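Quick one, fold the following:
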Amino acid sequence: MKVLVIIALCLVALAAARPSDIVDFELDNHEQEQEGQPGRAVEGEYSWVAPDGNEYYVKYIADHNGYRIVDDNVVPEAPENEQPEDDDDK
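Predicted coordinates for the structure are as follows:
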């Protein structure tokens, strides 16, 4: 019985100590980090420095709902639609 308890405690400690990092690396002009459960749900981000010196990043979630970008500075924001002024003189 003691052996089973020790084995169970070891398995619990191993599961708790297991890191959630899946990918974590950094190069001169590129960095990527991803955490979660592979094949189930992950969150991550990657960034790079473009040849013009600007740094870009993308933060994302990938899970049962698909791949979704939650924040980035890669695509410029579209200008808001301006409503034309009413022309009452017509």
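
ok, Ala62 - contacts?
Counting by Cβ atoms under 8 Å, 6 or more residues apart in numbering, Ala62 touches 41-44, 68. Just so you know, the C-beta spots here come from the backbone N, C-alpha and C atoms, and that holds for glycine as well.

Could you tell me which of those count as buried?
Neighbour-count burial (16 or more other Cβ atoms under 10 Å) applied to the contacts of Ala62 gives 42-44.

among those residues, which are in strands?
Using DSSP state E, 42-44 are the members of the buried ones among the contacts of Ala62 that sit in strands.

Nearest to Leu27, out of the residues you listed: which one, please.
For these, the minimum distance to Leu27 (Cβ to Cβ) is 15.8 Å, reached by Gly44.

Now tabulate the ones in strands among the buried ones among the contacts of Ala62 in a markdown table and tack on pLDDT and distance to Glu35.
A markdown table is the format used below for these (pLDDT from 0 to 100; distance: Cβ to Cβ, whole Å):
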| residue | pLDDT | distance to Glu35 |
| --- | --- | --- |
| Val42 | 93 | 7 |
| Glu43 | 94 | 6 |
| Gly44 | 93 | 7 |
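
ok, so of the residues you listed, who is nearest Ile61?
Ranked by distance to Ile61 (Cβ to Cβ), these are led by Glu43 at 5.2 Å.

Who's the closest spatial neighbour of the closest one, skipping the chain neighbours?
Leaving aside its sequence neighbours, Glu43 sits nearest to Ile61 (Cβ to Cβ, 6 or more residues apart in numbering; 5.2 Å).

Out of the buried ones among the contacts of Ala62, which comes closest to Asp28?
Gly44 (19.8 Å).

quick one: what helix or strand has the residue nearest to that closest one when sequence neighbours are not counted in it?
The shortest distance from Gly44 to any non-neighbouring residue, by Cβ to Cβ, 6+ apart, is to Gln34 (3.4 Å). For Gln34, the element it lies in under DSSP states H and E is strand 30-37.
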